[in-house]
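Okay, sequence plus prediction incoming.
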Amino acid sequence: MRIHAIIVAAGSGIRAGGGVPKQYRSVNGMPLLRHAVLGLLAHPAITSISAVINPECRLLYDSAVAGLVLSAPITGGAARQDSVLAGLAALANDPPDIVLIHDAARAFVPTGVIDALLAAFDDPGIAGACPALAQVDSLRRGAGGRFSGSVDRDGLWRVQTPQAFRYAEILAAHRAAGPGATDDVAIALAAGLAVAITPGDERAFKVTEPADFAKAQAMTNYSSRAASGFDVHRFGPGDHVWLCGIKVAHDGGLIGHSDADVGLHALTDALLGTIAAGDIGDHFPPSEDRWRGAASDQFLAHAATLVRARGGMIDHADITLICEHPKVGPHRNAMRTRIAEILGIDIDRVSVKATTTERLGFTGRQEGIAAQAMASVRLPESEAETL
């Protein structure tokens, strides 16, 4: 099943202050929009993501999502409803099965909220699902600074995003809708679609007023963690080696159950170490044939996904390759670029170095290649405390 997420980020966000639209304001050193994107990227079921933006904010957008793998941004409209329709229409040539429609201002959605949304589609009669919180506070009407009556709160819900729908049905509903809908559930209900209520979460609040940024800041207090990794592979027959995701011509190959990419293996172990998640062998056992000859980029991507699932951010990755040959220098920038792509971070957060052992030891005798790696991440303090 193909699942695409649309992040609506075309609004002006003037109530939140700050001089720029709120989705581009920084929260703990990172734009609100980037927090939202990383939260969706962390969910393994989401296939692809696109954002709907105001083209006048293109430079802000490019800076906010630098290094992340997203579909091309889509030009939004004057109202949210127009922007969502633009985002949906852009997918028509290669439609997903399910689409999640999310507001950039709700940047801290736990993965469990998305799990519940997707589980709702096990019912074939459901066309959509929306996370919501039951209204528990008393409600009153008022005018002129005085209360004038009560409102029955039974059956009332506070809706959140992302809201999920079967793509073809919500696209048709949007195309048929009149103006003025408050959200996509309203459009779905007007079209006669069945929408399930799934559990929401208080952490998925909408940043609207200036004070909400203080709340968001408190939610994203991070602790830094660092860990190391080490790996070795010996030479065998072949005409190339894989190093840090790059195929390098050589007069021999590296022997291993997978593609024997010693650099990515060391970095994978380092990332897993930052969240105390074991080592590469725990997640990709060499006893399983399905990993025979496997590309190691998927190992590193898996480790990065686990970090993000904890709400973490990858700060830096550093690899040292230890060998006499092949020469690493000519391939260094390509290696850094590839690692940055896999991790979804800026290239200036990736370092690749090489050294020899002055012809001492097994690497000096050109019997194999070793690699050591360091990774540093930031984890929400509540997550760091449980490790």
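Looks like it arrived, so ask away.

in the chain, which strand has the most residues?
Ranked by residue count and defined by DSSP state E, the top strand of the chain is strand 222-236.

After that one, which helix or strand is next?
With elements assigned by DSSP states H and E, the helix or strand that comes after strand 222-236 is strand 240-243.

C-terminal to that next one, which secondary structure element comes first?
Next in sequence after strand 240-243, counting helices and strands by DSSP H and E, comes strand 246-249.

other SSEs contacting that following strand?
For strand 246-249, the elements it packs on are strand 240-243, helix 332-343, judged by 3 or more C-beta pairs under 8 Å, 6 or more residues apart in numbering; DSSP states H and E. Every C-beta, even on glycine, is put in place using the N, C-alpha and C of the backbone.

what kind of secondary structure is residue 173 in?
For residue 173, the reduced secondary structure class is helix; criterion used: DSSP: H, G, I helix; E, B strand; the rest coil.

List the contacts of it.
Contacts of residue 173 were listed using C-beta atoms under 8 Å, 6 or more residues apart in numbering, and they are 187-188, 190-191, 193.

Residue 168 contacts residue 95, doesn't it?
Yes. Applying C-beta atoms under 8 Å as the test, residue 168 and residue 95 come out as touching, 6.7 Å apart.

Spatially central residue for the chain, please.
residue 41 (2.1 Å; C-alpha atoms, centre = their mean).

Which secondary structure state does residue 59 sit in?
Going by three-state DSSP, the secondary structure assigned to residue 59 is helix.

can you start the count at 547 instead of 1 from here on
From this message on, residue numbering opens at 547, which makes the last subject residue 605.

where does it land on pLDDT?
You'll see residue 605 listed with a pLDDT of 95.

same thing with the one 4 residues further on?
Each residue has a pLDDT score; the one for residue 609 is 93.

can you tell me the helix or strand for it?
With DSSP H and E as the criterion, residue 609 is inside helix 604-610.

residues of that helix that come out buried?
606-607, 610 (16 or more other C-beta atoms under 10 Å).

tell me which of those is nearest to residue 846?
Checking the buried residues of helix 604-610 against residue 846 with C-beta to C-beta, the nearest one is residue 610 at 23.7 Å.

With residue 566 as the reference, measure out to that closest one.
Note on residue 610: its distance to residue 566, by C-beta to C-beta, to the nearest Å, is 10 Å.

now swap in residue 813 and tell me
Counting by C-beta to C-beta - residue 813 and residue 566 are separated by 35 Å.

ok, now residue 762?
15 Å.

Who has more neighbours out of these two?
The residue with more neighbours, out of residue 762 and residue 566 and counting by other C-beta atoms under 10 Å, is residue 762; that gives 21 against 15.

Give me the phi and psi for the residue nearest to that one when sequence neighbours are not counted.
The shortest distance from residue 762 to any residue other than its chain neighbours is 4.7 Å, reached at residue 573 (C-beta to C-beta, 6 or more residues apart in numbering). The main-chain torsion angles of residue 573 are listed as degrees, to the nearest 10 and equal phi -130, psi 110.

doesn't residue 760 make contact with residue 573?
No. Under the criterion of C-beta under 8 Å, residue 573 is not in contact with residue 760, lying 9.8 Å apart.

Tell me who's in contact with residue 720.
When contacts are counted by C-beta under 8 Å, 6+ apart, residue 720 is found next to 627, 630-631, 634, 730, 733.

let's see 10 Å
Contacts were defined as C-beta atoms under 10 Å, 6 or more residues apart in numbering; by that measure residue 720 touches 627-628, 630-635, 647, 711, 727, 730, 733-734, 737.

Among these, find the lowest-pLDDT one for me.
Ranked by pLDDT, those bottom out at residue 727, which scores 91.

Break down the stretch 797-933 of the chain into its helices, ranges please.
Taking DSSP state H, counting those that start in this stretch as the criterion, the stretch 797-933 of the chain carries its helices at 808-820, 826-829, 843-855, 878-889, 907-910, 927-932.

For the third one, what is the distance to the chain centroid?
This points to helix 843-855. The chain centroid and the centroid of helix 843-855 are separated by 10 Å under C-alpha atoms, centre = their mean, to the nearest Å.

and the angle from it to helix 878-889?
On the basis of axes from the mean of the first three to the mean of the last three C-alpha atoms, to 10 degrees, helix 843-855 is oriented at 50 degrees to helix 878-889.

could you give the angle of helix 843-855 to helix 808-820?
20 degrees.

Which neighbouring elements make contact with helix 843-855?
Judged by 3 or more C-beta pairs under 10 Å, 6 or more residues apart in numbering; DSSP states H and E, the packing partners of helix 843-855 are helix 578-587, helix 808-820, helix 826-829, strand 859-868, helix 878-889, strand 914-926.

Spell out the residue ranges of the helices in the stretch 597-746 of the chain.
Counting by DSSP H, counting those that start in this stretch, the helices of the stretch 597-746 of the chain are 604-610, 626-635, 657-665, 713-722, 730-736.

Rebuild the ones you listed as JSON lines, extending it with distance to residue 898.
Rendered in JSON lines, the data for the helices of the stretch 597-746 of the chain read as follows (distance: least, C-beta to C-beta, whole Å):
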{"stretch": "helix 604-610", "distance to residue 898": "24"}
{"stretch": "helix 626-635", "distance to residue 898": "37"}
{"stretch": "helix 657-665", "distance to residue 898": "31"}
{"stretch": "helix 713-722", "distance to residue 898": "41"}
{"stretch": "helix 730-736", "distance to residue 898": "44"}
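
Between the ones you listed, which one is closest to residue 822.
In terms of C-beta to C-beta, the element of the helices of the stretch 597-746 of the chain nearest to residue 822 is helix 657-665, at 18.5 Å.
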